[in-house]
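> The sequence and its predicted three-dimensional model are supplied below.
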Amino acid sequence: MGISHSCPAQVAFARKLKGPPVAALETLEDVVAFLNLADDAAAAARDAYAAEEGAAPNDDAADLGFRPATSAFVLGVFSDADGVEEDEYADFADVAAAQQHRHDVYFGAVAQLAISRALADAKLVDRAPGVVLAKGRDALSSAVLDAMDEPLGGWVDARSLPAVGRLTALNFARYEKLLRPMLLLFLDLSGHASDDDGAPFVGGRSGGLFNNDLVEELRAAQRDESFRDRVAFAYIDGVAHADRMRGLGLFGGKEKLPALAFNTNERGVVAPFPEALPLERRAIREFCAAFLGRRLRSRADSDAFAVATVNNVVAPAFDAKRKPRRAAPAETVGVSEQFGAASAGVARRGFADHVVVLDARNFSSVADRPDRDVLVMFHEEGCAPCAHMAVYYRAGKESEIPNFKGSDLGRFPLVSADFWTSDHLSERSRSMDAFPGTRARGTLTLKRT
């Protein structure tokens, strides 16, 4: 999540950091300007105020400065902030202070009875003490502060995130707090210049398709009322996060972009979007409905979904041109050999290697033995660097070197991720992060007893 590099946006953020956490709004026009109300909503508020006061509101509004287009504006609505609503106002101010460091959310409050009544009469809030959050001219949310089912900070977090934004290391925790499955669109963002997680335009291409067109399809799917508040939607840099793609059942890296998958905390669930389907709104909606209906829990489920859906969704404009998966490199005995009984080295020697093939079903029994050292390599089947590692793996096991002779050697092909639980995947990702230069090719993990 990066602040816009424009000078006005940086000045607005600097003013926020130096000023009070809550901007005091004195007039109805201050409120209209702060929320950037659409014309009809602003007219309704003015008419309601005139009916309350018997006179039109003051036309003058305070200079609130530049308004970053992708930011959220949170208005506290109070009629007696120093009296019966004192506790609610204090809670509102505490949340504003805790979030003052954020460039993408601004807090203001109005504490006048006539204005609070006008906002309620205009249906912008039910009553005081209340809160209104504006993100764009047509995106208003409201709640009553003394009747909320969740903490105000969490309410603001959920509604201030972009409907479909860019997932980054800086905002991942905010998405995680939503406690919703995340539908992640992996893109090649090398042609996208902005670091703003709510940037309206997404540059570059993935699989021959414009990234912005793909994100617009995701936005269209997100607007479906049946699951809009049950799923978090985001796009992410698939080149920088190739390991995360593998953890979600998406293999092939940059060559397989664009790609779509659910990220969920449900144990054992791996739900990638089938490559056979176009990445367009109808297919994405059906994919979400199938996931929420618990019909997508594995790659096999995704394949079955593709078979059932492929004839119902025809959208050539969104058929990505992905490169085919690379074939395994040619083998040279003693130099570059693949794992497994079919490799050239094993065929020449006449006996199989001593490397245990691991998956989620046998991992604990092999790798978690307290009486043995275990060396495990996580790898992709057929990758060139792993072919070179295979030679050393076998040579080490067949040698008389004590450290190798007394150890177990194992390998975990990442194509087995269908059977890998989300908990194990997070552990595997942390192991990979320790070897950032190798990605998932030839990642070694040594457990010492």
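Noted; the coordinates are in hand. Residues are numbered from 1 along each chain as shown.
> what residue is smack in the middle of this protein?
Centroid check for the chain by Cα atoms, centre = their mean gives Leu167 as the closest residue, at 4.3 Å.
> Could you report the neighbour count for Ala173?
Neighbours of Ala173 under the rule other Cβ atoms under 10 Å: 9. Every residue, glycine included, has its C-beta placed from N, CA and C.
> Ignore what I typed, I meant Asp213.
A total of 14 residues lie near Asp213 under the criterion other Cβ under 10 Å.
> Please tell me I have it right and Arg230 contacts Leu179.
No: at 10.5 Å, Arg230 does not count as touching Leu179 under the criterion of Cβ atoms under 8 Å.
> related to what we said a few turns ago, ok, the residue nearest to the centre of the chain to Leu277 distance?
Using Cβ to Cβ, to the nearest Å, we find Leu167 at a distance of 22 Å from Leu277.
> Contact partners for the residue nearest to the centre of the chain?
The contact partners of Leu167, taken as Cβ atoms under 8 Å, 6 or more residues apart in numbering, are Tyr175, Met182, Leu184, Asp197, Ala234, Tyr235, Ile236.
> In three-state terms, how would Ala234 be classified?
Assigned with DSSP: H, G, I helix; E, B strand; the rest coil, Ala234 falls in the strand class.
> Sketch out the strands for the stretch 101-250 of the chain, chain order is fine.
Assigned by DSSP state E, counting those that start in this stretch, the stretch 101-250 of the chain shows strands spanning 105-110, 130-134, 140-144, 164-166, 182-187, 205-206, 209-210, 232-237.
> out of those, which comes closest to Thr264?
Of all these, it is strand 182-187 that lies closest to Thr264, at 7.4 Å by Cβ to Cβ.
> ok, Arg282 - how many residues close by?
18.
> Return the helix or strand in the chain with minimum mean pLDDT.
Within the chain, no helix or strand scores below helix 422-433, which has a mean of 38 by mean pLDDT, DSSP states H and E.
> Tell me where the stretch 201-350 of the chain is predicted with low confidence.
Applying pLDDT under 70 to the stretch 201-350 of the chain flags residues 313-316, 324-329, 340-342, 344-350.
> do that again at 80, thanks
Applying pLDDT under 80 to the stretch 201-350 of the chain flags the ranges 228-229, 267-268, 311-350.
> so where do the helices sit in it?
211-222, 242-247, 281-292, 299-309, 344-349 (DSSP state H, counting those that start in this stretch).
> Mean neighbour count and distance to Glu26 added to the strands of the stretch 101-250 of the chain, as CSV?
Shown next, in CSV, are these (neighbours: other Cβ atoms under 10 Å; distance: least, Cβ to Cβ, whole Å):
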stretch, mean neighbour count, distance to Glu26
strand 105-110, 24, 8
strand 130-134, 24, 17
strand 140-144, 17, 21
strand 164-166, 23, 33
strand 182-187, 26, 41
strand 205-206, 24, 49
strand 209-210, 17, 46
strand 232-237, 23, 37
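> mind checking how far stretch 70-81 is from the chain centre?
Stretch 70-81 has its C-alpha centroid displaced from the chain centroid by 27 Å (Cα atoms, centre = their mean, to the nearest Å).
> Val374 contacts Gly410, correct?
Yes: using Cβ under 8 Å, Val374 is in contact with Gly410, at 6.2 Å.
> Now the common contact residues for these two.
The contact lists of Val374 and Gly410 share Val366, Ala367, where a contact means Cβ under 8 Å, 6+ apart.
> what are the phi and psi angles of the nearest residue to Leu209 once chain neighbours are set aside?
With sequence-adjacent residues excluded and distances taken as Cβ to Cβ, 6 or more residues apart in numbering, Leu209 is closest to Ala320, at 5.6 Å. Backbone torsions of Ala320, given as degrees, to the nearest 10, read phi -70, psi 150.
> Now do the end-to-end distance for stretch 399-409.
13 Å (Cα to Cα, to the nearest Å).
> same check, this time on stretch 226-235
From its first residue to its last, stretch 226-235 covers 21 Å (Cα to Cα).
> cool, stretch 236-246 as well?
Distance between the boundary residues of stretch 236-246 (Cα to Cα) amounts to 14 Å.
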